[in-house]
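**Q** Sequence below, structure please.
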Amino acid sequence: MFNQSVLISTEVDVLRLLADPLRAQLVGLLAQGPACTCHLVADTGAKQPTISHHLKVLREAGLVAAEPRGRFTYYRLLPAPLEAGAAFLTGLSEQVRANADRFREC
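**A** Numbering: from 1, shown residues only. Now for the predicted structure:
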């Protein structure tokens, strides 16, 4: 479940979240499969509190789900918000192609 008050819109929020280099790296790592914080710390070299903060932001935005497994919590990337962001960008690129030679009168 995600916090609706955090979102401007799903597509824009995905783009805003991925603008942070560490969050983009975490999303890339989670695209390879679920991982726990200790894996993400080892893979990024970032400190555990920093990773936890970024995972919380991603979780609240609905990009990541947390799954307890024994003593650890694994984080799983959710594809739907990424697909919505990709569709938004695809729509923009289609508009650009369609309107590239359409100059507005001053």
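**Q** Report the mean per-residue pLDDT for the longest helix seen in the chain.
**A** Using DSSP state H, we find that the single longest helix of the chain is helix 79-99. For helix 79-99, the mean per-residue pLDDT is 90.
**Q** now the one helix or strand residue 29 maps to against helix 79-99, angle please.
**A** Secondary structure from DSSP states H and E places residue 29 in helix 21-30. Computed by axes from the mean of the first three to the mean of the last three Cα atoms, to 10 degrees, the angle separating helix 21-30 from helix 79-99 equals 110 degrees.
**Q** Show me how far helix 21-30 is from its chain's centre.
**A** Taking the mean of its C-alpha atoms, helix 21-30 sits 8 Å from the chain's own mean (Cα atoms, centre = their mean, to the nearest Å).
**Q** other SSEs contacting the longest helix of the chain?
**A** Counting contacts by 3 or more Cβ pairs under 8 Å, 6 or more residues apart in numbering; DSSP states H and E, helix 79-99 is packed against helix 10-18. Glycine gets a C-beta too; all of them are placed from N, C-alpha and C.
**Q** which regions of this protein sit below the pLDDT cut-off?
**A** 1-12 (pLDDT under 70).
**Q** Using CSV, list the CA coordinates for stretch 76-93.
**A** What follows is stretch 76-93, C-alpha atoms only, in CSV (Å, rounded to 0.1, in the frame of the first residue of the first chain):
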residue,chain,number,x,y,z
ARG,A,76,10.7,-6.7,-4.1
LEU,A,77,10.3,-4.2,-7.0
LEU,A,78,6.7,-3.8,-8.2
PRO,A,79,6.5,-3.6,-12.0
ALA,A,80,3.2,-1.7,-12.4
PRO,A,81,4.5,1.8,-11.3
LEU,A,82,7.5,1.4,-13.6
GLU,A,83,5.2,0.4,-16.5
ALA,A,84,3.1,3.5,-15.8
GLY,A,85,6.2,5.7,-15.9
ALA,A,86,7.4,4.1,-19.1
ALA,A,87,3.9,4.6,-20.7
PHE,A,88,4.0,8.2,-19.7
LEU,A,89,7.4,8.7,-21.3
THR,A,90,6.3,6.8,-24.4
GLY,A,91,3.2,9.0,-24.7
LEU,A,92,5.4,12.1,-24.5
SER,A,93,7.8,10.8,-27.2
